[in-house]
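A.B. asks: only geometry, no sequence info:
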């Protein structure tokens, strides 16, 4: 089955700087890669996703890149703000319609004011 | 409703007891998922419903776990003879099939004492 590794497990960034979180996956058939943000006591919230036919996707301060050959994908957050502090999870799915996601172990991002 | 609703938000039960966890998905979402999240880990897939049927239950850990969705909307996750190792946050999510990422509820925190 799919295995997703995520690093770093913790990341502290000065407010205004950029943050990068990286994930690798094992199943070459995986074709859908979402990123979720989870705040304390809440469920994960989808912040951006990418499909295997695209190499990069941006949404304001957030971007995701995908390298299918190397089987890794990354989340980039620019101009970080205190409200970006949370746990971030990457995930991968090899099913059409993304029925079953395999999640990474999470990155606790802390933005230092 | 506006989001995925899970009840109760917290449940404490004694070892060996039976529990039911409820999920109300977003209206119109045909796909419903259950995940389990242990402390410091990413969510782990349990079961996926498409309409009333369980399309993939490969993540259920053993036969003490069972889930139903009789009318294609509300779902109940049932755990028999609970064990301390069942303690976790149980997350429910829903989606329009093929439309992209899930919307998660806030979860039910189950504690088995």
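C.D. replies: In hand now; what should we look at? Here the structure is a predicted model, which is why all the values come from computation and not from measurement. Residues are numbered from 1 along each chain as shown, chains lettered A, B, ... in the order given.
A.B. asks: all contacts plus neighbour counts: C-alpha atoms, from now on.
C.D. replies: Will do.
A.B. asks: which SS state does the nearest residue in space to residue B:46 that is not next to it in sequence fall under?
C.D. replies: Excluding the flanking residues, the one nearest residue B:46 by C-alpha to C-alpha, 6 or more residues apart in numbering or on different chains is residue B:59, at 3.9 Å. Here residue B:59 is recorded as coil under DSSP: H, G, I helix; E, B strand; the rest coil.
A.B. asks: cool, and the one 4 residues further on?
C.D. replies: Remark: residue B:63 carries the secondary structure label coil [criterion: three-state DSSP].
A.B. asks: What is the burial count for it?
C.D. replies: Counted by other C-alpha atoms under 10 Å in any protein chain shown, the residues lying close to residue B:63 total 8.
A.B. asks: what separates stretch A:25-36 from the chain centre, distance-wise?
C.D. replies: 10 Å (C-alpha atoms, centre = their mean, to the nearest Å).
A.B. asks: tell me the contacts of residue B:18?
C.D. replies: Counting by C-alpha atoms under 8 Å, 6 or more residues apart in numbering or on different chains, residue B:18 touches B:78-82.
A.B. asks: Can you pull up the residues of chain B that come close to chain A?
C.D. replies: Residues of chain B that fall close to chain A, judged by C-alpha under 8 Å from any C-alpha of the partner chain: B:33, B:40-45, B:48, B:91, B:97-107.
A.B. asks: mind listing which of the residues you listed are in strands?
C.D. replies: B:33, B:44-45, B:48, B:91, B:103-104 (DSSP state E).
A.B. asks: Backbone dihedrals for the residue nearest to residue B:46, please?
C.D. replies: Taking degrees, to the nearest 10, you get phi -90, psi -10 for the backbone angles of residue B:59.
A.B. asks: Over to the one 3 residues further on?
C.D. replies: Summarising the backbone geometry of residue B:62 under the convention degrees, to the nearest 10, its torsions are phi -170, psi -180.
A.B. asks: Then the one 10 residues further on?
C.D. replies: The main-chain torsion angles of residue B:72 are listed as degrees, to the nearest 10 and equal phi 80, psi 10.
A.B. asks: Next: residue B:84.
C.D. replies: Dihedral angles (degrees, to the nearest 10) for residue B:84: phi -60, psi -30.
A.B. asks: so what's residue A:72 up against?
C.D. replies: Going by C-alpha under 8 Å, 6+ apart, the list of residues near residue A:72 reads A:22-25, A:66.
A.B. asks: Which residue is the nearest non-sequential neighbour of the residue most central in space within chain B?
C.D. replies: The centroid of chain B falls nearest to residue B:34 when counting by C-alpha atoms, centre = their mean (3.5 Å). Excluding its sequence neighbours, the residue lying closest to residue B:34 (C-alpha to C-alpha, 6+ apart) is residue B:92, at 4.6 Å.
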